[in-house]
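Participant: Model the following, please.
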Amino acid sequence: MMKALGSELPMRVIGMLMGIPEADQEAIRDQNDAMLRTRSGQRMKFTNKAALTNEVFADYINWRREHPSDDLMTALLTAEYEDENGERKTLTHQEVLTYVTVVTGAGNETTGRLISWITAVLANHPDQRRAIAADLSLVPGAVEEVLRYETPSPFIARYVTQDVEYYGAKVPAGSAILFIAAAANRDQRRYENPDTFDIHRVIRHPLSFGQGLHHCLGAALARLEGRVALEELLKRFPDWDVDWPNAKLAQTSTVRGWETLPVIVG
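Facilitator: Numbers count the residues shown, from 1 in each chain. A predicted model of the protein is given here:
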């Protein structure tokens with residue numbers, strides 16, 4: 001059940017928004033997933049899967065340029081902006097290709113992990129799950145608390161362009177720096193009893209989607225998909241558990257979630 005929901009829902013949604021043919025969505029999802037995989041003690045290997053995905057998207061873009069539609073790919077192809085010299089321009093083919101590739105991958109992977117965490121966390125907190133099932137107005141707060149409690153994108157990497165100092169530590173220009181958003185979401189200076197899952201918690205300024213200029217573009221969509229997934233799950237299966245001995249976390253470079261999560265419906 002969770003494989004069908006967690007894998008299918010995000011790809012179908014982002015595929016529809018981007019204008020990706022339904023027949024190709026599964027292969028693209030699997031290629032994106034494979035690119036994020038890591039192995040213990042080994043460096044990441046960049047295979048030709050990324051090139052294959054780019055080739056597929058390039059074909060879509062070329063076709064969509066001649067056959068515009070009501071989707072984000074068409075919007076990217078026709079969007080205009082003013083550069084630093086005041087000249088009106090449109091995005092280049094490579095810019096559109098990069099944007100489509102990144103957004104499609106991000107819109108699929110992270111939301112799928114969120115749905116798996118919703119299922120796993122609420123299996124471990126049946127009383128709170130039953131409270132949500134009895135009052136679906138609690139769904140948005142529950143999704144927000146899952147995002148805080150088990151952040152699907154636990155860290156954010158940045159490149160430092162100039163010398164800076166954080167909390168007494170100097171970071172020289174040219175360094176890479178890693179922000180552990182998952183740790184910040186459990187900071188006891190911001191949240192009381194941060195290691196306790198509480199669907200009634202009031203969450204202000206969560207870092208699950210980053211902050212500031214680089215705040216996640218798809219944050220609203222991810223939240224919406226999480227809410228719809230949880231609400232529909234509870235309508236059909238108000239009670240469930242997980243076969244934990246056969247559950248397995250995925251090993252990836254950037255996102256955190258479940259490789260397998262066998263669900264037992266009560």
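Participant: Where does the prediction get shaky in this protein?
Facilitator: Where the chain drops to pLDDT under 70, the residues are 1-4, 34-35, 38, 42-54.
Participant: which residues in it form helices?
Facilitator: 2-18, 22-35, 49-66, 72-78, 93-124, 126-134, 139-149, 181-184, 219-236 (DSSP state H).
Participant: How about the contacts made by the residue nearest to Leu76 when sequence neighbours are not counted?
Facilitator: Spatial nearest neighbour of Leu76, chain neighbours left out: Val96 (4.8 Å); criterion: C-beta to C-beta, 6 or more residues apart in numbering. The way it works is simple: take the backbone N, C-alpha and C, and place the C-beta from them, glycine included. Applying C-beta atoms under 8 Å, 6 or more residues apart in numbering, we find Val96 in contact with 61, 73, 76-77.
Participant: ok so, going back, quick one: closest of the helices of the chain to Phe209.
Facilitator: helix 219-236 (4.0 Å; C-beta to C-beta).
Participant: by contact count, what packs against the closest one?
Facilitator: When contacts are defined as 3 or more C-beta pairs under 8 Å, 6 or more residues apart in numbering; DSSP states H and E, helix 219-236 sits against helix 2-18, helix 93-124, helix 126-134, helix 139-149.
Participant: Just want the angle from the third one to helix 219-236.
Facilitator: Per axes from the mean of the first three to the mean of the last three C-alpha atoms, to 10 degrees, the angle that helix 126-134 makes with helix 219-236 is 90 degrees.
Participant: CA-only coordinates of helix 126-134, as PDB, when you get a sec.
Facilitator: This file holds the C-alpha atoms of helix 126-134, laid out as PDB (Å, rounded to 0.1, in the frame of the first residue of the first chain):
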ATOM      1  CA  PRO A 126      -1.800   5.300  17.500                       C
ATOM      2  CA  ASP A 127      -3.600   7.500  20.000                       C
ATOM      3  CA  GLN A 128      -2.700  10.600  18.100                       C
ATOM      4  CA  ARG A 129      -3.600   8.900  14.800                       C
ATOM      5  CA  ARG A 130      -7.100   8.000  16.100                       C
ATOM      6  CA  ALA A 131      -7.500  11.600  17.300                       C
ATOM      7  CA  ILE A 132      -6.800  12.900  13.800                       C
ATOM      8  CA  ALA A 133      -9.200  10.300  12.300                       C
ATOM      9  CA  ALA A 134     -11.900  11.600  14.600                       C
END
